[in-house]
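K.L.:
Structure for this input, please:
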Amino acid sequence: MNKELREVRILMLGESGVGKTSLILSLVSEQFLDDTEDANFDLPAKLEPITIPAEVTLEKIPGLIIDFSFREQTDQDLVNEIEKASVICLVYSIDSEESKQKLSTFWLPKIEEIQNTQFKSSSNFQDQSQFKRPIVLVGNKTDTDFERNSPTQDGIIIQLVRSFSQIETCVMCSAKTLKNVPEVFYYAQKSVLYPTAPVYDVDKKQLTLLGVKCFSRIFKLCDMDNDGRLNDSELNEFQLKCFGVSLSSSSLQEVKSLLRSNSENLIENEITLKGFLHLQMLFFKKGRHETSWTVLKKFGYAKTLSLSQEYTSISMKIPDSCSIELSQKCYEFLQFLFNKYDQDNDGCLNEKELGELFSVCPIVPWGKDVHNTVETNHDGSITFCGYLSQWILTTYFDIKTSAEHLAYLGYNNFFNETLNSAYIVSRPKEIDISKKQTFRNVFLCYVYGRKKCGKTSFLQGLLGRDLVQQAKINPDDITRWACNLVQFQNIEKYLILKEINSSDLEMHEAYPPDVVILLYDLTDPNSFSFVADIFLSIYKDRPIPCVLVGTKCDQIQIQQKYPISAEKFAEFYKLPPPQFFSASPNFLPSCDIFPKLVAIASYPKMYPMRSHIWSFFQRIGAAAQAATRQSKKNRSEQTSLSPGTSIFSPLFSFSRSNDKKIRPKSFYNPDSMVFRYTFLTATCLTMAFLLIKLIRKK
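P.N.:
Okay, the predicted model is just below:
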């Protein structure tokens, strides 16, 4: 909060003649200057802005005193000054009933009107309280009326304080005798740095609901053993974090003696949540606002009682080709939280324990879908591995949300560091590819496949769930994400699987995958052509490892309706050999596809890409071949092309009729005249290109 506030701007308002200018002069000169007593002194209508040095102010934040007078300024000037003010000192004279009446009939309504107009004209969706300035009532000229030196003896002032929540306090002073003049500006600064209204309700004499919520969060973060009480060790740690000094035995006993008035404040001589809240309320009652606000600021709260942006955000640059992961410190913090809220010590977090863990956050961020995204036990409780997996998944795709949740959970106070230490940025993927090795711990895999080819089973298989377990999942709770820990070469890596459909294609730019998985159903003859077309249209010329995976390998396989087999396809495009997967109870335990995916991601390599010239001639050959097939089709009705086949497809399409299956032994059929002419043309043009280049060089 202090870093956001550069200066405390104090605006002096009130009727003419109440002593606004005299108060400022008395503060600066430490003597009373009056033109009625000194003929050589001419009291101005208003003073130029006066700066209060940071060295003599609260929290070392400089102050700026602004004098205002309608004799030299207009209504628009008043609007501008109120909008810029940090706090308003509303001055009246205790010997002038008119100046007191004007407080309620003009000044306070005018201030409220200007603030409401500013709120309505703001384009940002902000809390209206951010536009309300604290007001300090200043009763001047106490030297003229000794019977009303206290605001509690003035019915008008009492009514104003009760009616306007913006009024922080009322100070009685005298510019002539210098009585309480420094206190006027001290309380003005204090009302800005340690405001009362957000935390304490003066009328009800209790903490506000928002104040209770904030202090309850602080209590839970300091309750390290999660027993609902603060023991002496936890209290001392709290004192060190907030004030930098240990709590002496006498001070500790003094604090507890204040709480013994109610048996619910202490249990077994340890402070309960109710006792902690009661203690904060006492600080406000006794005017020790700075004590409670020091605690609030230490735990990240701004004057609106929301966590400050500095507390909840990171200041790290993440290049497009890099990813962000959790640091070792963050893993330690998350493990501490897990152990703290795992009350039954079963190594899992059930729904109740998970709710307790996130009770310090505005909402519970994990919904029911998390149980089908990460690993759980047989009762549906999230395991420690699943707990970390969800954090990793959130961090990878939404670093802002991850940082906010860590801040609410107290990471900053746990290590007394900023959130930057909770994350590490990987090196660019281009370097990983050139080095053919990566040291990242989290890998992202995109999963493609035709409908009903087994994508959901594949994702759930990563979580160790076979078809029997998957059948128990509510279809409405099925997600297109999965994340789990995978062992590879005695090293633990986290694998994220994301099922991709047509609406997710834009994710490539923001989150390029480490591996692309092309699933095809071995029992569906049209399944392989779907993923083959995806590879050719998206990934053929990209340096991203792609893996063909045949699903339902425990069932009878059917020949795919595609020109070449999956094995020949992988061989020609220099892909890894096709892998096989089944989520059946008999096959899944021995499935090794996921460690293989981690191996491919751990040692990435640039797959050879065809030159644009070769791709051009290959397309010409494909077009010619398609034309030949079309003429054959006119002569014979035995051949039928797939509706999705393009004449520019780099792979030749062969007859797929049910009664006649023609499959070449290799992709390039030497007996094909089209291939011969295409190859000859390519060779001639390539030689001509090289010859021209040689002549130019000479």
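
K.L.:
Looks to me like residue 211 is in a helix.
P.N.:
Yes - residue state for residue 211 (DSSP: H, G, I helix; E, B strand; the rest coil) corresponds to a helix.

K.L.:
show me the contacts for it.
P.N.:
With contacts taken as CB atoms under 8 Å, 6 or more residues apart in numbering, residue 211 has the following neighbours: 198, 199, 200, 280, 305. Every residue, glycine included, has its C-beta placed from N, CA and C.

K.L.:
Without its sequence neighbours, what residue ends up closest to the third one?
P.N.:
Leaving out its chain neighbours, the residue that sits closest to residue 200 by CB to CB, 6 or more residues apart in numbering is residue 284, at 4.0 Å.

K.L.:
ok, the one you found - how many residues close by?
P.N.:
Neighbourhood size, residue 284 [other CB atoms under 10 Å]: 22.

K.L.:
before we move on, which element is it in?
P.N.:
Counting by DSSP states H and E, the element that carries residue 284 is helix 273-285.

K.L.:
ok, and what's touching the helix or strand following that helix?
P.N.:
Going down the chain from helix 273-285, the next helix or strand is helix 289-298, by DSSP H and E. Applying CB under 8 Å, 6+ apart, the external contacts of helix 289-298 come out as 1-2, 58, 190, 193-196, 199, 214-215, 218, 241-243, 280, 283-284, 305, 413.

K.L.:
if you set the cut-off to 6 Å instead, what comes out?
P.N.:
Helix 289-298 has contacts (CB atoms under 6 Å, 6 or more residues apart in numbering) with 1, 194, 242, 280, 283.

K.L.:
what about the chain, any weak spots by pLDDT?
P.N.:
Applying pLDDT under 70 to the chain picks out residues 1-4, 34-42, 122-130, 145-153, 505, 605-679, 698.

K.L.:
any idea which of the contacts of residue 211 is the one closest to residue 82?
P.N.:
Closest approach to residue 82 among the contacts of residue 211 (CB to CB): residue 198, at 19.9 Å.

K.L.:
Secondary structure element for that closest one, which one?
P.N.:
Counting by DSSP H and E, residue 198 is part of no helix or strand.

K.L.:
Check which helix or strand residue 92 maps to.
P.N.:
strand 87-93.

K.L.:
I'd like the next helix or strand past that strand.
P.N.:
helix 97-102.

K.L.:
Quick one: list the elements packing against that next one.
P.N.:
On a contact count with 3 or more CB pairs under 6 Å, 6 or more residues apart in numbering; DSSP states H and E, helix 97-102 meets strand 87-93.

K.L.:
run the last query once more with 8 Å
P.N.:
Contacts defined by 3 or more CB pairs under 8 Å, 6 or more residues apart in numbering; DSSP states H and E place helix 97-102 against strand 87-93, helix 155-163.

K.L.:
Can you lay out these as a markdown table showing distance to residue 143 and mean neighbour count?
P.N.:
Output for the helices and strands packed on helix 97-102, formatted as a markdown table (distance: least, CB to CB, whole Å; neighbours: other CB atoms under 10 Å):
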| stretch | distance to residue 143 | mean neighbour count |
| --- | --- | --- |
| strand 87-93 | 11 | 26 |
| helix 155-163 | 18 | 15 |
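
K.L.:
Reformat the ones you listed into TSV and put distance to residue 538 next to each item.
P.N.:
Shown next, in TSV, are the helices and strands packed on helix 97-102 (distance: least, CB to CB, whole Å):
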stretch	distance to residue 538
strand 87-93	60
helix 155-163	67
